[in-house]
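K.L.:
this one's structure only:
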Ligand SMILES: Nc1ncnc2c1ncn2[C@@H]1O[C@H](COP(=O)(O)OP(=O)(O)OP(=O)(O)O)[C@@H](O)[C@H]1O
């Protein structure tokens, strides 16, 4: 479990990126932080592994303040996957994956053997192990990024818009892989996106943020869709318009649901005759 208690972050230039943020992130679930650009999502994520230090407030992991942990050791114990994969261009795929374990003292041979297994885990062919990142597609690079994030076998995996730069088909694939990985590996995943559909697909807990990381609503996707906390949330999740706005259309044989463009989205089941 990760807990933020009244956490604020003011950058040296005076930007209030995060203002009095409190949240419990349950273990072994996926929590998605979603909000528009500049709402403070990345800052929140980076505070978990001390890439960014809060100006005030406390962050605990399993009841222990992260301030009591050595920042470098903490960072290596938490997986981090970022947009554009963040791979080292002059390292082969296998070495990109094996680097952190080697830094933490795992013998090179063992780390490389584990790296090959991780390529299997993220659905990559082992033949790609000796390529350089530039010789991979965007989707493959992101998979290597995920493998690297998992390399130290962390309990916590932070994912910062990891699929923002790939095309929609590859993205859908990677999203399904993420769901499978979370289920199989039982990690605590904290995922940042500005895409509400991605948030609802991946999140057990979804946190909708406004500027300054102000929480507009936190809940399961169902809770949020059923009961949006404000006009801002209703608008953000597209209840008033867009593809979630379904209306009932009576037909000769019962009622069907149509989306905002008039396309049939399903039939209304269990309707009283
Ligand atoms: N190092 C920094 N110095 C000054 N301001 C910063 C710094 N990093 C972030 N900010 C500002 O803090 C606010 C929150 O930024 P953050 O990157 O956390 O938002 P975000 O929700 O992740 O945005 P995006 O979706 O665009 O990545 C923004 O106004 C941003 O400009």
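P.N.:
Yep, it's here. As the structure is a computational prediction, the values presented were derived from the model and not from experiment.
K.L.:
those strands in the protein, which residues are they?
P.N.:
Taking DSSP state E to define them, one finds strands in the chain at 2-10, 16-25, 30-35, 56-61, 64-65, 79-82, 156-160, 188-193, 205-210, 214-219, 247-251, 254-258, 264-267.
K.L.:
so what touches the fourth one?
P.N.:
Just to be clear, that refers to strand 56-61. The list of residues contacting strand 56-61 from outside it, by CB atoms under 8 Å, 6 or more residues apart in numbering, reads 1-8, 20-22, 47-48, 65-67, 69, 156. Using the backbone N, CA and C atoms, a C-beta is placed for each residue, glycine as well.
K.L.:
tell me how far residue 159 lies from residue 187.
P.N.:
According to CB to CB, to the nearest Å, residue 159 and residue 187 sit 10 Å apart.
K.L.:
got it, and residue 198?
P.N.:
In this structure, residue 198 and residue 187 are 18 Å apart, going by CB to CB.
K.L.:
would you mind listing what in this protein touches the ligand?
P.N.:
Those residues of the chain that sit near the ligand, judged by CB under 6 Å from any ligand atom, are 11, 13, 15, 17, 35, 37-43, 194.
K.L.:
state the mean pLDDT of stretch 265-272.
P.N.:
Along stretch 265-272, the predicted local confidence has a mean pLDDT of 78.
K.L.:
same question for stretch 226-240.
P.N.:
90.
K.L.:
related to what we said a few turns ago, which of the residues of the chain next to the ligand count as buried?
P.N.:
Members of the residues of the chain next to the ligand that pass the buried threshold by neighbour count (16 or more other CB atoms under 10 Å) are listed as 17, 35, 39, 40, 41, 42, 43, 194.
K.L.:
got a ChimeraX select line for the buried ones in the contacts of strand 56-61?
P.N.:
Below is the selection syntax for ChimeraX that covers the buried ones among the contacts of strand 56-61, with 16+ other CB under 10 Å defining burial:
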select :2,3,4,7,8,20,21,47,48,66,69,156
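K.L.:
now do the contacts for the residue lying closest to residue 155 once chain neighbours are set aside.
P.N.:
Closest residue in space to residue 155, ignoring its immediate chain neighbours: residue 188 at 5.9 Å, by CB to CB, 6 or more residues apart in numbering. Going by CB under 8 Å, 6+ apart, residue 188 touches 1, 2, 25, 26, 27, 28, 29, 31, 155, 156, 157.
K.L.:
give me the most central residue, this structure.
P.N.:
Computing the C-alpha centroid of the chain and ranking residues by CA atoms, centre = their mean puts residue 191 first, at 1.6 Å.
K.L.:
go ahead and confirm that residue touches residue 25.
P.N.:
No - at 10.8 Å, residue 191 and residue 25 do not qualify as touching, with contact defined as CB atoms under 8 Å.
K.L.:
please enumerate the shared neighbours of those two.
P.N.:
Where contact means CB under 8 Å, 6+ apart, the residues bridging residue 191 and residue 25 through contact with each are residue 31.
K.L.:
what's the closest residue to the ligand within the stretch 101-250 of the chain sitting at in phi/psi?
P.N.:
Closest to the ligand within the stretch 101-250 of the chain is residue 194: 5.2 Å, counting by CB to the nearest ligand atom. In terms of degrees, to the nearest 10, the main-chain angles of residue 194 are phi -110, psi 10.
K.L.:
which ones are touching it?
P.N.:
Residue 194 sits next to 34, 35, 36, 37, 41, 161, 164 when contact means CB under 8 Å, 6+ apart.
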